[in-house]
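1. model this:
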Amino acid sequence: MTAAPKSDHVRLEAVRFAYGGSAGAPVLENMSLSVEEGAFVAILGPSGGGKSTVLKLLSGLVRPQGGTIRIGGTPVTGPRRDVGMVFQKPMLLPWRNVRDNVLLPAGFARAASAREVARADALLATVGLSDSVTLYPGQLSGGMAQRVGLARMLLHDPRLLLLDEPFSALDAMTREHLSLELQRLWMEERRTALFVTHSIPEALLLADRVVVLAGRPGRILADMPVPLPRPRTLETLSGAQFGTLALELRRLFDAAARPGAQAA
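-> Residues are numbered from 1 along each chain as shown. You can find the predicted model right below:
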């Protein structure tokens with residue numbers, strides 16, 4: 001029996017967005033993108049191409065001036081509980097300890113429930129921070145702080161994960177370690193994930209597809225599958241297939257950085 005095809009979890013159709021409203025210079029113009037349920041998609045490209053804006057639109061933090069955005073078939077009209085997001089900086093509240101920072105999505109207006117506290121502690125154990133729940137952000141390394149951000153993103157069990165260069169401020173070894181940790185978390189539950197990055201190795205280590213954005217307004221220059229078997233390891237980075245894919249992505253990235261880059 002042939003398996004039923006997966007449905008699209010995320011769909012952007014002919015999206016236009018400009019900061020400052022319709023009169024502003026568009027960051028995205030006629031942007032269309034679909035992502036299947038459970039897929040891990042990396043969005044790669046030079047600065048200014050609209051990568052982070054795509055995530056902000058999907059999160060409901062900003063609204064487009066044109067086109068449609070749907071998650072699970074439902075139009076995006078604002079922030080929603082089934083979407084989790086991690087930013088380049090974890091943005092932890094310095095006066096709250098690790099556990100309480102993870103519990104932020106539970107809200108300021110009420111105390112967290114026992115179930116939410118148990119969920120936070122379980123997530124902190126999953127990301128290796130069981131011994132750090134009472135520490136404060138000033139006592140954490142950069143990698144530890146970003147682990148807190150990952151746990152906080154997962155508190156309400158979101159179906160869609162949005163990650164905006166979450167490891168870019170970290171040293172190379174910590175970045176690789178957390179990339180593998182993120183792959184493990186994703187493989188356990190297969191949430192749909194969109195991951196913005198400037199790093200070709202990071203994109204290939206994590207993603208099923210790499211979407212390359214170019215220009216301003218941003219548009220899709222290429223959409224490349226990543227047929228590397230999982231789980232991927234640091235040894236994957238030295239393999240011949242990885243090298244071939246990295247060279248092709250480098251070519252596309254360089255093309256995207258040139259003025260007037262056109263979609264393939």
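
2. show me the shaky parts of the chain.
-> With pLDDT under 70 as the threshold, the chain has low-confidence stretches at 1-6, 108-110, 259-264.

3. at 80 what do you get?
-> Within the chain, the stretches with pLDDT under 80 are 1-7, 21-24, 48, 107-111, 215, 257-264.

4. strands of that one, residue ranges please.
-> With strands called from DSSP state E, the chain shows them at 8-17, 28-36, 40-44, 66-71, 74-75, 83-86, 160-164, 192-197, 209-214, 219-225.

5. what are the structural domain limits within the chain?
-> Segmentation of the chain into domains, based on automatic domain parsing, reads 1-76+159-167+192-264, 83-157.

6. would you reformat the ones you listed as TSV and include mean neighbour count and distance to residue 184?
-> Where C-beta positions appear, they are placed from N, C-alpha and C, glycine not excepted. What follows is the domains of the chain, written out as TSV (neighbours: other C-beta atoms under 10 Å; distance: least, C-beta to C-beta, whole Å):
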stretch	mean neighbour count	distance to residue 184
domain 1-76+159-167+192-264	17	7
domain 83-157	17	9
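
7. ranges for the helices of the stretch 1-150 of the chain?
-> Taking DSSP state H, counting those that start in this stretch as the criterion, the stretch 1-150 of the chain contains helices spanning 51-59, 98-102, 114-126, 142-153.

8. give me the residue at the spatial middle of this structure.
-> The structure's the chain has its C-alpha centroid closest to residue 163; by C-alpha atoms, centre = their mean the separation is 2.2 Å.

9. now do that residue against residue 71, distance only.
-> Residue 163 sits 16 Å away from residue 71 when distances are taken as C-beta to C-beta, to the nearest Å.
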